[in-house]
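> I'll drop the sequence and a predicted model, then ask my questions.
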Amino acid sequence: MQLPTLKGSRITIRRLKRSDCESIYVHIKDPRVLRYLPAVPNPYNRDDARTWIALTHRKARRDTAYHFGIEHNQEREIIGGMSFNEVNHHDLDGELGYWLAHRHWRKGYVSEALRLMLDFAFKELKLRRVYAFVAVSNRPSQALLEKHGFRREGTLRQSCRMKNRWHDEYLYALLRGEYQAPA
């Protein structure tokens, strides 16, 4: 699938480009960002960023996952990422994932990106369910999802390995009929 560009008032959600490698590398290598990204290599290097960008293109062509960069409209650089992983076109669901550069936390950028992505999920991809796994200790992510109507469906005990320790995760989900599109 050719990924669309989703324009917001302060950010743009778009396909990643090779030229985004440096900003991805700089932001993701921050231990505060890596903390809740157990699948991301740690330490993170530029080759990891290049490999990741190429992988996102392959997954989009196969229609199995859709990974976008969050571009700051004024800074014109990637400050985060948001994706639908494990998209299942039979069951019409997909796993939401996201990250944001630390210096942009708590400014509403992920909230704006999430509204754009949920519109894309329910209107363009025709998904009926979007779900996310969140570490029990990641309270800001839980609050973000709840603010957007996601419901906690359960606890996955010792389902995630971070820093060689097992952690519990919450499973959150939002159904198409529960989604309130922005006015």
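Perfect, thanks for sending it.
> Can you tell me the SS state at the spatially most central residue of the chain?
Note on the chain: the residue nearest the mean C-alpha position is residue 98, at 2.3 Å, using Cα atoms, centre = their mean. Using DSSP: H, G, I helix; E, B strand; the rest coil, the structure places residue 98 in strand.
> Residue 156: neighbour count?
14 (other Cβ atoms under 10 Å). C-beta here means a position set from N, CA and C on the backbone, and glycine is covered the same way.
> And for residue 91?
Applying other Cβ under 10 Å, we find 10 residues neighbouring residue 91.
> The residue nearest to the centre of the chain touches residue 79, doesn't it?
No: proximity of residue 98 to residue 79 does not meet the contact threshold set by Cβ atoms under 8 Å, at 11.5 Å.
> got the contact list for stretch 153-168?
For stretch 153-168, contacts defined as Cβ atoms under 8 Å, 6 or more residues apart in numbering pick out 35-36, 38, 131, 133, 135-137, 169-173.
> Buried by neighbour count, from these: which ones?
Among those, the ones that count as buried by 16 or more other Cβ atoms under 10 Å are 36, 131, 133, 135, 169, 170, 171, 172, 173.
> can you tell me which two in these are farthest apart?
Maximum pairwise distance among those (Cβ to Cβ): 18.5 Å, between 36 and 173.
> Counting by contacts, list what the longest helix along the chain packs against.
If you go by DSSP state H, the chain has its longest helix at helix 46-62. With contacts taken as 3 or more Cβ pairs under 8 Å, 6 or more residues apart in numbering; DSSP states H and E, helix 46-62 sits against strand 11-15, helix 21-28, strand 66-72.
> Before I go, just wanted to say thanks for your time.
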